[in-house]
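Colleague: need coordinates for the following:
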Amino acid sequence: MKNLDPALQAHLDEGTTTLAWCWRITRADGVAFGFTDHDLTLTFDGTEFEPESGLTASEVRSGSDLSVDAQDAEGVLTSDRVTETDILDGRWDNAEVEVWRVNWADPGQRVLMRRGAIGQIRRGRLAFVAEVRSLAHVLGQTVGRTFQATCDAALGDARCGVDLESPVFKGTGTVIDLLRDRAFTASGLGGFYSGWFTFGTIEWTSGANTGRRAEVLGHDVTDGIAVLTLLEPPVRSIAESDAFTIRAGCDKRIETCGAKFANTANFRGFPHIPGQDAVLRYASPDGGHEGSVL
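Modeller: Numbers count the residues shown, from 1 in each chain. Predicted coordinates for the structure are as follows:
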C-alpha cells in the first residue's frame, strides 16, 4: 500500500483530477532524462520532464504472483533526446526507470508508482515502444555458475586476475582502410602476432563511436598490417583515422589460459569433467566398457 500526501489524496477525492504520467530514465552512462505525457514541461526533484518526445503510457499490467509487471511507453523518434541511433547502439538498454503519477497543476502533489528498467524496445519508421519492466525481472536472471569444461570468468575480472592494462595484453591503433562495415586494417599493432586479439574487446577513442566497446571476432596479420573483424558492425560507421584501444582475448580453454596468460591457477572451468561419450557409455565385454571406475 502506498502512503499518499494528504494534498494529493484530497485532489484524488475530488470529482475532477489533473493527473499526468512522468518518467525519469537514467541510462547506464549516468545521463538522466525526464518525459511526460502532459502537454507542458513539468519540473520536480531537479529534473525537467519534457513533452516533446511524445511519450504515451499504456495500462499497467500487474499480477499477484512473481511474474514481471510491465507498462509500455510509446514515443516518436523526432526528439534529440531519443534517437534511433542511440536505441540501436544499446544506450537505453536496461536503463533505470521511475514512473510517477503527478498532479500537473501542482507537481508537488505526486507519488512514485513503480521502479523498474527498460526492457524490450520495438522500433518503427517514426516511433518506438519501450517496455518498462518491474523490479521482478531481476528474479528471472540466471544466478550461479555453470558446470562446464571452459572458463566462466570474464577475462580481466577479479576472478580471472589477468591485468589487461599490461602492455603485453593492450594495444592502441588507428584505422587505415575500411574493408567491410565491420572489418578494417589498422596500424600500431605490429608487435602482436595474428590471433592475439581474437575474442578480445576494442574501445573507440576517437570518431563517431568514441566511448563505445565492441567484441573482436578475428585478428589477422597480412604483410605486417593488422586486419581486425568485429563481431557486429557498429551502429555508427567506422572511418579512416579512427583511433582505438584494443585488449587481448581468450577462448576460455585451459590450454590458452596457461600458454597465453600463465594463469592456470585462476582457471574457472572444469576441464576434466567427462564428456557426453562417457555419459552415454554402457557396460560391455569388449574392453574399457566393463563398468569400472573411469
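Colleague: OK, contacts around Arg236?
Modeller: Arg236 makes contact with 85, 89, 207-209, 212 under the criterion CB atoms under 8 Å, 6 or more residues apart in numbering. For the C-beta atoms, the positions are set from N, CA and C on the backbone; glycine is no exception.
Colleague: where's Val102 relative to Gly46, distance?
Modeller: Applying CB to CB, to the nearest Å, the value for Val102 to Gly46 is 15 Å.
Colleague: between these two, which has more neighbouring residues?
Modeller: Val102 (23 against 7; other CB atoms under 10 Å).
Colleague: may I see the buried residues of the one helix or strand the more buried one maps to?
Modeller: Assigned by DSSP states H and E, Val102 falls within strand 96-103. Across strand 96-103, burial judged by 16 or more other CB atoms under 10 Å covers 97-103.
Colleague: do stretch 36-54 as well
Modeller: Within stretch 36-54, judged by 16+ other CB under 10 Å, the buried ones are 36-38, 42, 47, 49-51, 53.
Colleague: for Gly119, state which of those residues is nearest.
Modeller: Ser53 (18.2 Å; CB to CB).
Colleague: for the stretch 101-250 of the chain, give me the ranges with low pLDDT.
Modeller: Scanning the stretch 101-250 of the chain for pLDDT under 70 picks out 122-128, 134-141.
Colleague: same list (the buried residues of strand 96-103) but as a markdown table, adding distance to Gln109.
Modeller: As requested, these are exported to a markdown table (distance: CB to CB, whole Å):
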| residue | distance to Gln109 |
| --- | --- |
| Val97 | 21 |
| Glu98 | 16 |
| Val99 | 16 |
| Trp100 | 11 |
| Arg101 | 9 |
| Val102 | 7 |
| Asn103 | 4 |
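Colleague: sorry, back to before: just checking, what packs against whichever helix or strand comes after the strand holding Val102?
Modeller: Per DSSP H and E, the first helix or strand lying C-terminal to strand 96-103 is strand 110-123. For strand 110-123, the elements it packs on are helix 84-88, strand 96-103, strand 127-134, judged by 3 or more CB pairs under 8 Å, 6 or more residues apart in numbering; DSSP states H and E.
Colleague: which one of those lies nearest to Asp163?
Modeller: Of the helices and strands packed on strand 110-123, nearest to Asp163 by CB to CB is strand 96-103, at 31.3 Å.
Colleague: only C-alpha atoms, please: export the closest one in PDB.
Modeller: Below are the C-alpha coordinates for strand 96-103, written out as PDB (Å, rounded to 0.1, in the frame of the first residue of the first chain):
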ATOM      1  CA  GLU A  96      16.700   2.600 -14.600                       C
ATOM      2  CA  VAL A  97      13.100   3.900 -14.700                       C
ATOM      3  CA  GLU A  98      11.000   5.800 -12.200                       C
ATOM      4  CA  VAL A  99       7.300   6.100 -13.000                       C
ATOM      5  CA  TRP A 100       5.400   8.900 -11.300                       C
ATOM      6  CA  ARG A 101       1.800  10.000 -11.100                       C
ATOM      7  CA  VAL A 102       1.800  13.700 -10.800                       C
ATOM      8  CA  ASN A 103      -0.800  16.500 -10.400                       C
END
